[in-house]
Structure formats: structure tokens, C-alpha cells
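A.B. asks: Would you be able to build a 3D model of this:
(2 chains)
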Amino acid sequence: MSAPTVSRQPRAGRIEGIVRRVLILCACLFLLVFLVLPLCVVFAEALRKGYAAYGAALVTPDAWAAIRLTLLTAAISVPVNIVFGVAAAWVIAKHEFRGKSVLVTLIDLPFAVSPVVAGLAYMLVLGAQGWFGPWLLEHNVKIIFAVPGIILVTTFVTLPLVARELIPVMQAQGTEQEEAAVVLGARGWQVFRRVTLPNIRMGLIYGVVLCNARAMGEFGAVSVVSGHIRGLTNTIPLHVEILYNEYQIQAGFAVASLLALVALLTLVVKSVVARWHARSYETGSSWT
Amino acid sequence: MLPGFRLTLGMTLFQVGVLVLLPLAALALKAGTLSGAQFLADVTAPRVLAAYRVSFSAALGAALINVVFGLLVAWVLVRYRFPGRRLLDTLVDLPFALPTAVAGISLAALLGPQGWLGRELAVAGIKLAYTPAGIVVALIFIGLPFVVRSIQPVLEDFEPALEEAAASLGAGGGQTFLRVILPALMPAVLTGFAMAFARGVGEYGSVIFIAGNMPMVSEIAPLLILVKLEQFDYAGASAVAVVLLAASCAMLLVINGLQFWQRRRHGAAA
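C.D. replies: The predicted structure follows:
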């Protein structure tokens, strides 16, 4: 610090301290009202009538069917997005080619499109009035208002998540290690599994967990294509909506709390991954 | 050249082509089957215009509020060390992970007449649930992480020398922030704003439970699409949807432009 600033240091320091405290307080209050309270409401409402009522809401046949369908949806759309997300990240982060930025924009498109618009778009391809509608009808394949439609739109909505998590991590790693492996005689799949995968492991884990949370919770697009057939094409979020609209508020929140728990678990994984990244970054920089 | 280029490019093109481009093209073509006059009549019907107005204005309001508070939260998380900072940092991602329908019923319960906050606000004469203001609240929840997460990394990389130079030239804390830090953050702030806005315009799940869904007053455009579908008005629903799709594509282009600007500025500074 230079000499002239020293004389007014105490006062400036005091003001800075006050500003600091006020800003931290404002940020905490804002996050408390907008994030923490809504999360607490879910569990408070779910348990309002005690644990017995909470359990009872979860074991109805309709709730079970919704849970099973949600698990099935995630079990198909998440692995599909892992495979394609890793492939997309590999081609975008490790290669240079013309039209790359267009491809990146197209991968991001599902983030920007309203889920309801996405659901409608799928209906216009695969629904009864859609392009392939007559053909599907002829071959007795039902996609819209059935389980395959739900899985398809869920895959669409969660499509960018894995690639988005992996691209920056892969780009930060560069390509030298992979190139060295190729020079040493490694084949394509070996390069990925032995060199790239260990480096992107943590980013991949968070991408998968986030993708899973979004797949289980997708609502707008699924609303359009599900047809809301109880016990058959209702996912957990759709079941929550039905219960809520029937004024079974406590039961609705009880089922919703399952998804809130998945969200909380996702955040736990996120913080573990972030801490791991910070640590490996620190040790990494101390070596160089 | 690393191996797997053709395979992974092929897979990516296949996925993007079949899962993204094909359905969206179907939507655009469906709207294209309407005559120009019919399309115009569909998207300028008073109820449709009102729904667009509700969706766009609520998304705009929420994105503006999120810029202010997102900047505040990012600043506090990056610049200050205090107990619970890590927890808050993690919590910012909650809207990414919590399903929109769960957020919707929870905000409705929180702000409803019987809710923890709704009760207090009712005493003060403020009603948020089942009004357009409730939509803004839901969209603040949905959009916050977009703003915070786009500002945070830029603020973390911010060159302390610039601030020190400003301080040594006699600038106070507020002046330094407004004249030195904020201009440097501008591309990131605008990117976050654009992302929150784009997401807000199309948002459905978190909004419908708290909006009240009164046609002409608090009915959002995505809901109107579903209403038209329930009446088997596929052409009308497509017309409403294609305008939203065009808005999404325009916002995506704006975001890409902003990120290009940010990279160039970042590159120039380094």
C-alpha cells in the first residue's frame, strides 16, 4: 500500500467491513427466501400429518406405478445420454472441424426450447396426426400417449447435460496425454478408457447425476406426450400434479419429497466433485 | 489427430439430427401448412397475445431481478469468506436439480394464503400467489443459477491489479465496482440475463401451480399450447409454439454472440 492511503485506512476498513457484512446478509436472506424455504416447505407439508400418512401416500398403487415408470424412464434416457454425451464432448473438445460452433449450438438447443414446445414437436412426428403416425398405427406401435414417448422427450430435454459438463473439463485437459498414448501405440478405445476417462471421471459423475435428476423430474414435455393415464403413463411429477389438483396436498408433497431427495443427493455429489476439483487443482499447481 | 473422430462425429450428428432437428422441423413445417392469414390470425388472437405478453414480461422482470441478486450472490461467494459459504455455493444449483413441478407446488404453498410467507404478506396487503407477480417469483427461482454461474467464473479470474490500480488512483470501493469491475463483467452478466430470460419464456412446470392461469391475465404461452392441444387444435398449438421456438433460437444466437464477445475480451486481457 502506498503512503497516502495509510492515513484513511482505519475508516475505509471499517466501512468496508460494514459493506461486507450487509452484502453477505442480503445474499443469505435472498437465498434463504428463494431457495431454502421452498425446499423446507416440501418436507414440512409432506410430514404435516405424520409419518404414517407420509408412508401411506407412497405405497398407493398409483404412486408405485409412477415411481416404477420414472425409474424406467431414467434407466433408459440417462445411459443413452451418457453414450452420446461422451461422444459429443470427445468430438467437440478434442477435435477441430468446420461447423463446430453450429454443432455446439444445436446441442444446446434443448436448453433454450420450452419443454412444452418440445413435447408438441415430438407429437407432430410420432403422434396420430404426425409424419410417422399412420405407419406406426399400421404396425400397431404406440409411442405418443405411451411409455416410449415419455422416454423420448425426456432424452431430448436432458440431451445437453452430460456433454455440457464434459466439454469444459476435456478442453482444459488438452490433447497432449492422448496424443502421447497414440504415439505409444494405444488404440482408440484404449486411449479413451485409460487416459481420458480417469481425467474426466468427476465431471462425468456430476453430469450423470444431474442428468438423472432432470430425467426423473421432467414435467412440461412429459405432460404433452403422456396422456395422463393413471397407473400406466404417469411419472412421479405428473402424479404429484394430479394429487395436488385433487386437493390431496399432503400426499402430493409426500410423493414430491422423493424428487426433492434426489435433488439434494445431486447437490451433495456436486459439492463432493467441486471439492475434489479444488484439491486436485491445488496439488496440481503446487507441482508445477 | 486423435482416433474416433468420424465415429463420434457421426454419433453426434445422428443424435442431433434425429432427436433435435427432426421434431423441431416437423413443428416448423406444421405451422408452415397454415396459410399466412390463418397463421397471423392464430398468433394475434387476443388470448394468444395476452399469453405472450405474460410470458415475455414475467421472464423479463424475473431476469432483471436475477441480474441484481445474481450479481450480489456471485460477489459474496467469490469475494468473501464466511461460515456456510460452501453450503450456499452448492445450494445455488438447487433450481437445476429440483424438478420444476416440485418447485411449483412448493412456491404455491409457501406464498399461498395459508403459507409461511403468504400469511405475512397478506397482513401487509400483498398477494403474490395466483397473480402475475407469482409467475415472476417462480421464474426468479428457475433463473437464478444461470446468472450466478455465468458471473462467478469471470469474477474469480478477475485481475486484482486492475482494482489496485483504481484504488491507488483514488477510486473508492463503489467507484471501482461501477467503473472497473462492472464493465468487465458485462458480457457475463448479459449472458446470464439472456439464459435466464430464455428459460423463463418457455418455463411451464414451476409456473402453472402459482400463476392462477386466468386467460388474458396470468395464462402463460406454454400453457396455452396445452389448452389448444386438449381442444385438438394442433395447427393453432403449432402456431403458438413456433413463435416461442423462433424466440428460443434468437436468444440462443444472442447468447452465442455474447459468449464470443466474452472470449475475445478475455483473450485480449490475457
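A.B. asks: The spatially closest residue to A:T233 that is not a sequence neighbour and chain B: what is the separation?
C.D. replies: In space, and not counting its chain neighbours, A:T233 is closest to A:S226: 4.5 Å by CB to CB, 6 or more residues apart in numbering or on different chains. No exception for glycine: its C-beta is placed from N, CA and C like everyone else's. For A:S226, the distance to chain B (CB to the nearest CB, to the nearest Å) stands at 12 Å.
A.B. asks: what's around A:S226, how many residues?
C.D. replies: 24 (other CB atoms under 10 Å in any protein chain shown).
A.B. asks: My read is that it contacts A:N234, right?
C.D. replies: Yes: if you go by CB atoms under 8 Å, A:S226 and A:N234 touch, sitting 6.8 Å apart.
A.B. asks: Please name the nearest non-neighbouring residue to whichever residue of the stretch 101-250 of chain B sits closest to chain A.
C.D. replies: In the stretch 101-250 of chain B, the residue found nearest to chain A is B:G202; the distance is 2.6 Å by CB to the nearest CB. Counting by CB to CB, 6+ apart, B:G202 lies nearest to A:S114, which is 2.6 Å off, once chain neighbours are set aside.
A.B. asks: What of B:D42?
C.D. replies: B:A239 (3.8 Å).
A.B. asks: packing partners for the strand or helix carrying the one you found?
C.D. replies: Applying DSSP states H and E as the criterion places B:A239 in helix B:234-269. Taking 3 or more CB pairs under 8 Å, 6 or more residues apart in numbering or on different chains; DSSP states H and E as contact, the helices and strands that helix B:234-269 lies on are helix A:100-112, helix A:115-126, helix B:22-32, helix B:36-43, helix B:46-79, helix B:182-202, helix B:221-230.
A.B. asks: now do 10 Å
C.D. replies: helix A:100-112, helix A:115-126, helix B:22-32, helix B:36-43, helix B:46-79, helix B:132-156, helix B:182-202, helix B:221-230 (3 or more CB pairs under 10 Å, 6 or more residues apart in numbering or on different chains; DSSP states H and E).
A.B. asks: Could you list the low-pLDDT ranges of chain A?
C.D. replies: A:1-10, A:281-288 (pLDDT under 70).
A.B. asks: these two touch, right, B:S55 and B:I208?
C.D. replies: No: using CB atoms under 10 Å, B:S55 makes no contact with B:I208, being 11.9 Å away.
A.B. asks: any common contacting residues for those two?
C.D. replies: Contact with both B:S55 and B:I208 is made by residues B:135, B:219-220, B:222-223, according to CB atoms under 10 Å, 6 or more residues apart in numbering or on different chains.
A.B. asks: The nearest residue to A:Q248 once chain neighbours are set aside is in what secondary structure piece?
C.D. replies: Distances taken as CB to CB, 6+ apart put A:A57 closest to A:Q248, at 7.8 Å, once the chain neighbours are dropped. Element membership of A:A57, judged by DSSP H and E, is helix A:50-58.
A.B. asks: list the buried ones in that helix?
C.D. replies: A:54, A:57 (16 or more other CB atoms under 10 Å in any protein chain shown).
A.B. asks: and if you look at stretch A:136-154?
C.D. replies: Quick answer for stretch A:136-154 (16+ other CB under 10 Å): A:136, A:143-147, A:149-154.
A.B. asks: show me what contacts the residue sitting nearest the centre point of chain B?
C.D. replies: For chain B, the residue nearest the mean C-alpha position is B:A196 (1.9 Å; CA atoms, centre = their mean). Neighbouring residues of B:A196 by CB under 10 Å, 6+ apart: B:59-60, B:62-67, B:70, B:139-140, B:142-148, B:150.
A.B. asks: Now list the buried members of these.
C.D. replies: B:59-60, B:62-63, B:65-67, B:70, B:139-140, B:142-148, B:150.
A.B. asks: and chain A, what are its domains?
C.D. replies: Structurally, chain A divides into domains by automatic domain parsing as follows: A:1-46, A:50-287.
A.B. asks: Can you say which of these is packed in most?
C.D. replies: Mean neighbour count (mean count of other CB atoms under 10 Å in any protein chain shown) peaks for domain A:50-287 among these, with a mean of 19.
A.B. asks: picking up where we left off before, and the shared contacts of B:S55 and B:I208, which is closest to B:L21?
C.D. replies: The closest of the shared contacts of B:S55 and B:I208 to B:L21 turns out to be B:P222 (CB to CB; 21.2 Å).
A.B. asks: quick one, what contacts residue 195?
C.D. replies: I'll assume chain A. Counting by CB under 10 Å, 6+ apart, A:V195 touches A:173, A:177-182, A:184, A:186, B:2.
A.B. asks: Hmm, no, I was thinking of chain B.
C.D. replies: A:108, A:111-112, B:63, B:66, B:143, B:145-147, B:149-150, B:251-252, B:254-255, B:258.
A.B. asks: and with 8 Å instead?
C.D. replies: B:143, B:146-147, B:150, B:255 (CB atoms under 8 Å, 6 or more residues apart in numbering or on different chains).
A.B. asks: for A:Y244, same thing?
C.D. replies: A:252, B:105, B:209.
A.B. asks: Need the single longest helix in chain A, by residues.
C.D. replies: helix A:249-287 (DSSP state H).
A.B. asks: quick one, that one and helix A:50-58 angle?
C.D. replies: 90 degrees (axes from the mean of the first three to the mean of the last three CA atoms, to 10 degrees).
A.B. asks: what residues does the stretch 101-250 of chain B put near chain A?
C.D. replies: B:101-103, B:105-107, B:109-110, B:115-117, B:137, B:140-141, B:144, B:167-168, B:173, B:198-199, B:201-205, B:209, B:221-223, B:225-226, B:229, B:234, B:237-238, B:241, B:244-245, B:248-249 (CB under 8 Å from any CB of the partner chain).
A.B. asks: please redo it, this time with the cut-off set to 6 Å
C.D. replies: B:101-102, B:105-107, B:109-110, B:141, B:198, B:202, B:204-205, B:222, B:225, B:234, B:237, B:241, B:244-245, B:248 (CB under 6 Å from any CB of the partner chain).
A.B. asks: and the residue of the stretch 1-150 of chain A nearest chain B?
C.D. replies: For the stretch 1-150 of chain A, CB to the nearest CB, closest residue to chain B: A:S114, 2.6 Å.
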